[in-house]
Structure formats: structure tokens, C-alpha cells
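[1] next comes the sequence, and after it the predicted model I'd like to discuss.
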Amino acid sequence: MGGTIAVAALGTGGLAAAGMAVQRSAAARPNQSPALRAAPLPHAQVIALDQAATEGNASALRAAHRAVSAIDGGPIAAWLAVGDGALPSKAERPRRLKPMPSFAGDVLDPSYSNGDLLLQITATSPHTLREAVHRTLRALPQWRIRWRINGTRPENRTQDGRELARNPFHFTEGYGNPGTPAGVIERAVVRADQDEPAWTVGGSYQVIRIIRLATGFWDRETPHDQERIIGRRRDGRWLDGTPADERAVFASDPQGKITPLDAHVRRATPDRRHPPPLVRRGYNYHRSTDDQGLIFSCFQRDLAQGFEAVQKRLQDEAMAKYILTVGGGYFFVPPPGDNWLDALA
């Protein structure tokens, strides 16, 4: 997260397993957004778009919704998320939607930041992904590409309801997410009592952060030092020996002798009894030897209570010198179906 690698690297165990996982999850939760209803597929492209014209927001949004809906299903899970600029001028906006601010340590590249609309297309194979992206973009002449980035999820597997994967720093991720669909909804989905426009209920705020990782610098550290910087073992176990799927009790280590006070996981979640109200679902990216890292992605019903609260706690963490956030944005994933489009017309 602008400082974090606590990404929910959720995935599947292979191409066939991925396809079946989508179908099973979709059947179990047909009214949930593809962003949250299924274990993330192993290949993704994240595309930020701007409107090619200044008028016709509602019709352009409807066309984008149709294009994404046409490819979603089976070996593909796809969704759109709106930025503030995508909404018609008279529309009632999600209360917390705004351009992503720059946090301490960020060096945001405008050409890789924000956008009127976000498309996230995920698939079971690179070939399927390429075809889906081509088909979708060809159907959207009303939009122009602002930025795009490909991602993958190495070593995907499911354990105790949590889909895990390995990040470029060699650590297993995903343990911090809820292990049940109900837990995902509780953290990530906008409720009717949140003082939000009626059309947003059932949707979610999505944060994207493109985080460049200094992997060469990191790999010069010993595994012991890396684990103390993160606050977990590479396999997910806590430094005090607590199993990965249980909650560590930092209160029993007030001086940070076992888990340093500036360790990533301790800064991100100082009280393991009350995890941050967000769901992380990110990907690794690799554009060159000098440009690789994470496409951090998280979903929450409230940006201030979710991502922003964690991000502020991460300032000056031990891991800060190994990471650099260079892009991303804030977006809102509409609820399933197309009723939200009628509300914006």
C-alpha cells in the first residue's frame, strides 16, 4: 500500500482449477460483483481509461458496462470501477470518491495515476486475457487508454478459505483477509446505513497502487532480516511461532523484541483482534529488471477507515526504503446488475 506489500495475493491452483473456482463462486454468490465474488484468477490486466469526449457520460458508461458484462464468466472475471470524472455532472456521487492523494514517500507519475474509468480483466491464461482485453477495448471507442499494466499471481493456492500467493519479496500473502464470503462482504461492501447514495449500496471502493519494489536491494538482506522487516516468516508464520492462520498477540511483546515495532505487519495491524476493514486482492508485475513490483489492490466500504488508516500507520515503517509507489488511483465498483446506470442517467 504506498508502502505496503500486504496484498491479498489470492488465486487458484492452476488453469482448470481457476475456471471451476469462478463457476462455483459465481453460482454461490450470483449477486456479488466479480471483483469480490470469486478467488482472483492468475492473470490480469488493469486498464485506466479517460473519456474521449466531454459529453455523453451516461451513454459511455453504459457501453463500458455492456462490454465488460459480455466477457465476464467462465475463464474470465471482469469488472469496471468509476473514477470521479466518469460520472455525469448531475449524478449523485459516492461520498468518499476523490482523486488519490500522494502519501509520504510516493512519487506519483501522472501518466500512471487516476483515470475516469478502471477496467480490471482477469483470466485463467495469458492468451484468454489478451483476447478478452482486445475484444473489450474494441467495443469502447468512447474511451481512450490512460494507462495499463499486466499482473500475475505466482504459486496460487487456497488454504482455510484464503487464497494465497507469493510476492516478489518471496513472502506468502493473503493470510490477513477474511476466510469467508460473509467476512468479505462485511469489510468491503457499502451498506444502506452509510450515508451514501442509494445506487452505491452493494458496491465497493477500490484502491489501486502501483508499487515498485527494489528487489535487488531486498535480496541482499538475509532471510532473517527480511522476516523482521515484514514481521512474519516467509511461509506466513508469525515471528513468535504463532501459526499463520491465527492472530499474533503483539501486546505480549510491547518493546518489539520479537516483532519489531516498525515491522510492516505490526504497523499495518497493531491490534490483530481488529483487522483493517478492507480486502486485499493484488498482483505482481514485471516490466523490466528495474521496474517490477506489485499492483496493490484493495476493496473497502470506507476509504478513510480502510486503506487510508493503514497507509498512515505505515509511514516510516522499516520496509519504506525498499518500495516506491509510482501510480494508481481511487475508484468505485458499482453494485451488480445495471440499476445503478439508471440512477445516473
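    Arrived safely.
[2] list the contacts of the residue sitting nearest the centre point of the chain.
    With distances taken as C-alpha atoms, centre = their mean, the residue of the chain nearest its centroid is residue 297 (1.6 Å). Shown in contact with residue 297 (C-beta atoms under 8 Å, 6 or more residues apart in numbering): 7, 46, 120, 206-209, 280-283. Where C-beta positions appear, they are placed from N, C-alpha and C, glycine not excepted.
[3] name the element it belongs to?
    Under the criterion DSSP states H and E, the helix or strand holding residue 297 is strand 291-300.
[4] pLDDT of that strand, averaged?
    The average of the pLDDT scores along strand 291-300 is 96.
[5] out of the contacts of residue 297, list just those in strands.
    Among these, the members falling in strands (DSSP state E) are 46, 120, 206-209, 280, 283.
[6] from those residues, list the buried ones, please.
    Neighbour counting with 16 or more other C-beta atoms under 10 Å marks 46, 120, 206-209, 280, 283 as buried within the ones in strands among the contacts of residue 297.
[7] where do the strands sit along this structure?
    43-51, 76-82, 117-123, 143-152, 157-159, 162-166, 172-173, 204-213, 279-280, 283-288, 291-300, 323-333.
[8] possible to save the ones you listed as JSON lines with distance to residue 180?
    Shown next, in JSON lines, are those (distance: least, C-beta to C-beta, whole Å):
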{"stretch": "strand 43-51", "distance to residue 180": "24"}
{"stretch": "strand 76-82", "distance to residue 180": "19"}
{"stretch": "strand 117-123", "distance to residue 180": "21"}
{"stretch": "strand 143-152", "distance to residue 180": "25"}
{"stretch": "strand 157-159", "distance to residue 180": "13"}
{"stretch": "strand 162-166", "distance to residue 180": "10"}
{"stretch": "strand 172-173", "distance to residue 180": "18"}
{"stretch": "strand 204-213", "distance to residue 180": "17"}
{"stretch": "strand 279-280", "distance to residue 180": "11"}
{"stretch": "strand 283-288", "distance to residue 180": "23"}
{"stretch": "strand 291-300", "distance to residue 180": "15"}
{"stretch": "strand 323-333", "distance to residue 180": "20"}
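[9] could you tell me the least trusted of these?
    Minimum mean pLDDT among the strands of the chain: strand 157-159, a mean of 80.
[10] what lines up beside it in the sheet?
    In its sheet, strand 157-159 lies beside strand 162-166 (antiparallel), with partners assigned from DSSP bridges.
[11] what residues of the partner strand count as buried?
    162-166.
[12] for these, which one is nearest residue 93?
    Nearest to residue 93 among these is residue 163, at 32.3 Å by C-beta to C-beta.
[13] tell me the spacing between that closest one and residue 146.
    According to C-beta to C-beta, to the nearest Å, residue 163 stands 29 Å off from residue 146.
[14] likewise for residue 265?
    From residue 265 across to residue 146, the span is 33 Å (C-beta to C-beta).
[15] if you count surrounding residues, which of the two has more?
    residue 265 (24 against 20; other C-beta atoms under 10 Å).
[16] wait, residue 338 sits on residue 65?
    Yes - if you go by C-beta atoms under 8 Å, residue 338 and residue 65 touch, sitting 6.2 Å apart.
[17] more neighbours: which of those two?
    residue 65 (17 against 12).
[18] for the chain, what spans make up the helices?
    Assigned by DSSP state H, the chain shows helices spanning 15-28, 34-37, 57-71, 126-138, 181-188, 215-219, 223-230, 264-268, 309-313, 339-344.
[19] so for stretch 86-97, what gets flagged as buried?
    Neighbour-count burial for stretch 86-97 [16+ other C-beta under 10 Å]: 86-88, 91, 93-94, 96-97.
[20] right, I mislabeled it, should have said stretch 299-315
    Quick answer for stretch 299-315 (16+ other C-beta under 10 Å): 299-303, 306-311, 313-314.
[21] farthest-apart pair in those, please.
    301 and 314 (20.7 Å).
[22] so how many other residues sit close to residue 204?
    Counted with other C-beta under 10 Å, residue 204 comes out at 30.
[23] bridged to it, which residues?
    Beta-bridge partners for residue 204, by DSSP bridges, are residue 333.
[24] so how far is residue 49 from it?
    From residue 204 over to residue 49 (counting by C-beta to C-beta), the distance is 19 Å.
[25] now do residue 145
    Residue 145 is 6 Å from residue 49, by C-beta to C-beta.
[26] looking at those two, which is more packed in?
    residue 49 (24 against 13).
[27] list the contacts of that one.
    With C-beta under 8 Å, 6+ apart, residue 49 has these contacts: 64, 115-119, 140, 143-146.
[28] quick one: which of those has the most company?
    residue 115 (29 neighbours).
[29] touching, it and residue 84? I think so.
    No - using C-beta under 8 Å as the test, residue 115 is too far from residue 84 to be in contact (10.0 Å).
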